[in-house]
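# What shape does this take:
(one chain, ligands or ions: 2)
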Amino acid sequence: MTTDNNSEPTVVAIDGPAGSGKSSVSRAVARVLGFGYLDTGAAYRALAWLVNGSGIDREDVDAVEGILPTFDYTIGLDPDVVVVTVNGEDVTDAIRQPEISASVSAVARVPHVREHLNTLFRSIVADTYVPGVVIEGRDITTVVVPDAPVRILLTADEAVRAARRSLELSDTAVRVTAEATGDQIRARDAADSQVVDFMNAAEGVVTIDSTSLNFDETVEAVINVIRAATEKEQA
Ligand SMILES: Nc1ncnc2c1ncn2[C@@H]1O[C@H](COP(=O)(O)OP(=O)(O)O)[C@@H](O)[C@H]1O
Ligand SMILES: Nc1ccn([C@@H]2O[C@H](COP(=O)(O)OP(=O)(O)O)[C@@H](O)[C@H]2O)c(=O)n1
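Numbers count the residues shown, from 1 in each chain. Ligands and ions are numbered 1, 2, ... in the order given. Coordinates of the predicted model:
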């Protein structure tokens with residue numbers, strides 16, 4: 001991938017439902033290409049963490065909007081070490097807890113929150129010095145960077161996503177069945193789908209369905225799409 005130091009970073013936008021592999025695949029792709037990696041879901045999770053800790057009713061839109069000026073958020077772009085802070089506190093692990101997964105959609109549905117975070121994401125990408133950035137979430141291909149040269153929708157059947165996520169959780173202290181994980185994923189996707197469409201590819205967005213691909217094959221499929229798109233741009 002050729003980029004000179006003065007050019008804008010190559011932006012790779014990836015969307016998809018919960019457990020589709022967005023974060024793990026995007027990180028691996030970024031590593032291979034020497035790109036930065038931006039997990040946008042982490043910002044929504046971090047805001048939900050702040051809201052929960054502030055004793056605010058997360059259904060109270062005015063109160064959630066009111067907390068935005070006190071939300072001092074940082075995230076690293078290094079795919080090997082993703083550290084997230086809120087007001088100077090390291091929340092990298094705290095934002096992955098089940099109570100945050102269960103409350104994040106309420107915060108993410110607030111339009112002013114989305115505008116605020118989208119501005120933040122665009123400035124993080126613009127300020128980076130890496131040759132490219134893989135940025136993943138729910139509305140990256142459609143709202144955050146709809147003009148990105150590479151836009152991908154990463155999907156997998158719901159049962160496969162639940163099984164993968166449950167395997168991941170059972171590696172930790174929490175033992176969760178694929179069925180329970182499936183219920184959580186379904187509930188979150190249903191809530192999130194009311195705000196943005198991440199189940200259907202928008203025009204010009206390439207769908208990669210990883211249902212019958214293993215992890216390495218999925219990474220390779222994404223890299224192939226990036227190579228094809230950037231070669232086309234340079235031709
Ligand atoms: N193609 C794949 N084959 C097998 N496991 C996968 C594949 N893609 C992702 N995974 C695994 O599925 C789990 C969920 O992926 P993750 O990247 O957290 O999804 P998302 O960020 O979309 O919620 C992780 O444990 C990841 O390693
Ligand atoms: N671009 C984005 C990214 C995440 N989100 C919200 O943030 C939540 C957490 O995102 P995530 O990417 O960490 O979720 P996982 O699919 O990785 O579990 C989602 O359930 C959405 O509510 C969003 O609304 N828009």
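
# contacting residues around the residue most central in space within the chain?
The centroid of the chain falls nearest to Gly137 when counting by C-alpha atoms, centre = their mean (3.0 Å). By C-beta atoms under 8 Å, 6 or more residues apart in numbering, the contact list for Gly137 reads 14-15, 22, 39-41, 144. Placement of C-beta: from N, CA and C, glycine included.

# from the chain's centre, how far out does the host helix or strand of Arg161 sit?
According to DSSP states H and E, Arg161 maps onto helix 158-170. Once both centres are worked out by C-alpha atoms, centre = their mean, to the nearest Å, helix 158-170 turns out to sit 17 Å from its chain's centre.

# mind checking how far Arg165 is from Arg186?
12 Å (C-beta to C-beta, to the nearest Å).

# got it, and Val86?
Counting by C-beta to C-beta, the gap from Val86 to Arg186 is 28 Å.

# residues contacting Thr211?
155-157, 160.

# where along the chain do the strands fall?
Ranges of strands in the chain, per DSSP state E, are 10-15, 36-39, 73-75, 84-86, 89-90, 132-137, 150-155, 206-209.

# Now those strands in a markdown table, please, with extra columns for mean pLDDT and distance to ligand 1.
Below are the strands of the chain laid out as a markdown table (pLDDT from 0 to 100; distance: least, C-beta to the nearest ligand atom, whole Å):
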| stretch | mean pLDDT | distance to ligand 1 |
| --- | --- | --- |
| strand 10-15 | 97 | 9 |
| strand 36-39 | 98 | 8 |
| strand 73-75 | 97 | 15 |
| strand 84-86 | 98 | 14 |
| strand 89-90 | 98 | 20 |
| strand 132-137 | 98 | 7 |
| strand 150-155 | 98 | 7 |
| strand 206-209 | 98 | 9 |
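
# Pipe these into TSV and attach distance to ligand 2 per row.
Shown next, in TSV, are the strands of the chain (distance: least, C-beta to the nearest ligand atom, whole Å):
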stretch	distance to ligand 2
strand 10-15	7
strand 36-39	7
strand 73-75	12
strand 84-86	11
strand 89-90	17
strand 132-137	2
strand 150-155	10
strand 206-209	16
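
# and the closest residue to Gly76 other than its chain neighbours, how many neighbours?
In space, Gly76 comes closest to Val83 once its chain neighbours are excluded; the distance is 5.0 Å by C-beta to C-beta, 6 or more residues apart in numbering. Number of residues near Val83 (other C-beta atoms under 10 Å) recorded here: 11.

# Make sure Val83 is actually in contact with Leu77.
No - judged on C-beta atoms under 8 Å, Val83 makes no contact with Leu77 at a distance of 10.5 Å.

# ok, back up a step: list buried residues within the contacts of Thr211.
Among those, the ones that count as buried by 16 or more other C-beta atoms under 10 Å are 155-156, 160.
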